[in-house]
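Visitor: here is a sequence with its predicted model. Questions after.
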Amino acid sequence: MQYKYIENDNFEDFACGRVIKHKPGFTNFPVRLAQEIFLRSVSFLEKKDNLTIYDPCCGGGYLLTVLGLLNFDMITAIYGSDINPEAVNHTMENIELLTISGMERRIKYIENLYHEYQKTSHQDAIKSAKNLKTLLNPNVSIHTNIFENNILDVDDLKNQDFKADIVITDVPYGNMVSWNGNESSEDFIRSLLDNLIPILNPGAIVAICSDKKQKFLSDKFARMEKQLIGKRKFEIFRYK
Ligand SMILES: C[S@@+](CC[C@H](N)C(=O)[O-])C[C@H]1O[C@@H](n2cnc3c(N)ncnc32)[C@H](O)[C@@H]1O
């Protein structure tokens, strides 16, 4: 795939475990690819700011945190959910980095580590956290809401009162994480797409990353793009 929007920049400030927290068992996502998919998704929308985004399989919140930091002035609300309560807690910790106070707390924490252990890695992380802080706008805040949810359960999103412009998600692919919650569902992605409908704005974009094996078709969504990148693929759909 040819990148249209994002150069092969240095994204080391976003490295998982540096400022954005990492926990064993949680996956991350290539920053350049995340931002490319986000900007391709925006290109299919009429509105270009004041965006609400949602990740229904948010894991540790790496993808959402990176997108929030890189697009702070375009995004007004971030929603994330996962079936795993530990993932929800982990995302809540990471998403705090989208506030000045949360980022300052993280800087203080890493500074204390540096004073205690004098490690270069901590010094680098402090520098990165300060760089990331410059991406935040002190005059605006992103509304965030992270909750436990089984996206394969048809009823679980019906009581949510938000509407998303962009859903972007990296679905389970079986190595470290697999689908949970509905053993009988054979067509996971179709269920995911159908279950998202109650929270989609008209014309909303749904971008799904998966391994190449997962197939998805739905008559309620038009496929705008399909791209292969290494072992991954992503598809971008518009809600009809
Ligand atoms: C590949 S990971 C997502 C990683 C995430 N994008 C990040 O950047 O940290 C897939 C996630 O899907 C979650 N998951 C599995 N089955 C689910 C279901 N039925 N409903 C919601 N989340 C589910 C797993 O718990 C896992 O955290």
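Guide: Sure, I can see it. Computed from a prediction, not measured in an experiment: that's the story for all the values here. Residues are numbered from 1 along each chain as shown.

Visitor: just the helices in the chain please.
Guide: Under the criterion DSSP state H, the chain carries helices at the ranges 31-43, 62-70, 85-95, 100-117, 120-133, 188-196.

Visitor: hey, what's Asp211 bridged with?
Guide: The residues paired with Asp211 through beta bridges, assigned by DSSP bridges, are Arg232.

Visitor: what parts of this protein come near the ligand?
Guide: 26-29, 55-63, 82-84, 87, 150-152, 170, 172, 177, 179-181 (CB under 6 Å from any ligand atom). To be clear about C-beta, it is placed using only N, CA and C from the backbone, and glycine gets the same treatment.

Visitor: repeat that with 8 Å
Guide: Taking CB under 8 Å from any ligand atom as the criterion, the chain approaches the ligand at residues 26-29, 55-64, 66, 81-84, 87, 91, 149-153, 169-173, 176-182, 188.

Visitor: which of those residues fall in strands?
Guide: Using DSSP state E, the subset of the residues of the chain next to the ligand located in strands is 55, 81-82, 169-170.

Visitor: just the buried ones out of those, please.
Guide: The neighbour-count test (16 or more other CB atoms under 10 Å) applied to those identifies 55, 81-82, 169-170 as buried.

Visitor: determine which two of those are furthest apart.
Guide: The two members of those with the most space between them (CB to CB) are Ser81 and Asp170, at 13.6 Å.

Visitor: got any residues that touch both of those two?
Guide: Common contacts of Ser81 and Asp170 (CB atoms under 8 Å, 6 or more residues apart in numbering): 55, 57.

Visitor: quick revisit: which of the helices of the chain comes out lowest on mean pLDDT?
Guide: Out of the helices of the chain, the stretch the model trusts least by mean pLDDT is helix 188-196, with a mean of 89.

Visitor: which elements pack onto it?
Guide: Helix 188-196 makes packing contacts with strand 164-170, strand 200-211 when contacts are defined by 3 or more CB pairs under 8 Å, 6 or more residues apart in numbering; DSSP states H and E.

Visitor: for it, which positions count as buried?
Guide: For helix 188-196, a neighbour-count test (16+ other CB under 10 Å) marks 188-193, 195-196 as buried.

Visitor: make JSON lines out of the residues you listed and add distance to Leu136.
Guide: Output for the buried residues of helix 188-196, formatted as JSON lines (distance: CB to CB, whole Å):
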{"residue": "Phe188", "distance to Leu136": "35"}
{"residue": "Ile189", "distance to Leu136": "34"}
{"residue": "Arg190", "distance to Leu136": "38"}
{"residue": "Ser191", "distance to Leu136": "36"}
{"residue": "Leu192", "distance to Leu136": "31"}
{"residue": "Leu193", "distance to Leu136": "33"}
{"residue": "Asn195", "distance to Leu136": "33"}
{"residue": "Leu196", "distance to Leu136": "29"}
